[in-house]
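Q: Sequence plus predicted model, see below.
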Amino acid sequence: MISTFNSHPPKVHRCSWVDVNDIAYINYHDHEWGIPVHDDKLLFETLVLETFVAGLSWQCVLHKRQNFRQAFDDFNVAIISQYKDTKISSLLNNKNIIRHKGKIEATIKNAQVFQKIQSEWSSFNNYLWHWTNGMTVLSGGNETTSPLSDRIAKDLKKRGMKFTGSVTIFSYLCAIGVINAHQKTCYCKKEKQ
């Protein structure tokens, strides 16, 4: 039996950024990107991965996602928030992930802020989705920032998060379905409204 996750509609129009020669990228676009996420663990994982994309491509990070999960304790926010110098050194020596000291240190700080937001709002999900009253908002599909990503990035910066500027947050909001940024010609645009 063929897994639904590994199948995709043939000969359909997708967002122009999708590499049609990369099945993992196609599956990510078709089955993950833009689908509303409400699970704090997955919200944290995606936030961490988005912060590592800065200066790189999502495709690069996507292919290292399983390595990141192993290296970062399956994105357990409570564990990551307590990382010390020994763990940072271990991550900097891990050739299977992106070894960037600033991003690794930001991940630890962001985990701590994430936990504070969870305490304040009962969950990060409640905090994140309150900005749109729980609704997915539409975008034209070609933007890199929005007034929404500007506001959230500003609030996260004020709370102490790092590597979470408006471009990163816009990308994050698209990935987790707060913003539907599928391009107008993409078959997912209507399906995921």
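A: Perfect, I can see it now. Numbering: from 1, shown residues only.
Q: Low-confidence regions, the chain specifically.
A: 1-10, 141, 190-193 (pLDDT under 70).
Q: at 50 instead, please
A: 1-6, 193 (pLDDT under 50).
Q: How far does stretch 115-128 stretch from one end to the other?
A: Taking Cα to Cα, to the nearest Å, stretch 115-128 runs 13 Å from one end to the other.
Q: wait, I meant stretch 29-38
A: For stretch 29-38, the end-to-end distance is 18 Å (Cα to Cα).
Q: Kindly report the same for stretch 33-48.
A: By Cα to Cα, one end of stretch 33-48 lies 15 Å from the other end.
Q: OK, contacts around the spatially most central residue of the chain?
A: Centroid-nearest residue in the chain: Thr46, 2.9 Å away (criterion: Cα atoms, centre = their mean). By Cβ atoms under 8 Å, 6 or more residues apart in numbering, the contact set of Thr46 is 37, 172, 175-176. Just so you know, the C-beta spots here come from the backbone N, C-alpha and C atoms, and that holds for glycine as well.
Q: can you put those residues in TSV and add secondary structure, neighbour count and distance to Val18?
A: As requested, the contacts of Thr46 are exported to TSV (DSSP: H, G, I helix; E, B strand; the rest coil; neighbours: other Cβ atoms under 10 Å; distance: Cβ to Cβ, whole Å):
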residue	secondary structure	neighbour count	distance to Val18
Val37	coil	19	20
Tyr172	helix	24	18
Ala175	helix	23	14
Ile176	coil	25	18
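Q: Spatially, which two of those are the most separated?
A: Val37 and Tyr172 (10.1 Å; Cβ to Cβ).
Q: hang on, Ala78 in a helix?
A: Yes. Checked against DSSP: H, G, I helix; E, B strand; the rest coil, Ala78 lies within a helix.
Q: give me every residue that touches it.
A: 111, 115.
Q: Go ahead and confirm Leu92 touches Ile104.
A: Yes. Assessed by Cβ atoms under 8 Å, Leu92 is found in contact with Ile104 at 6.8 Å.
Q: Of these two, which one has the most company?
A: Ile104 (25 against 12; other Cβ atoms under 10 Å).
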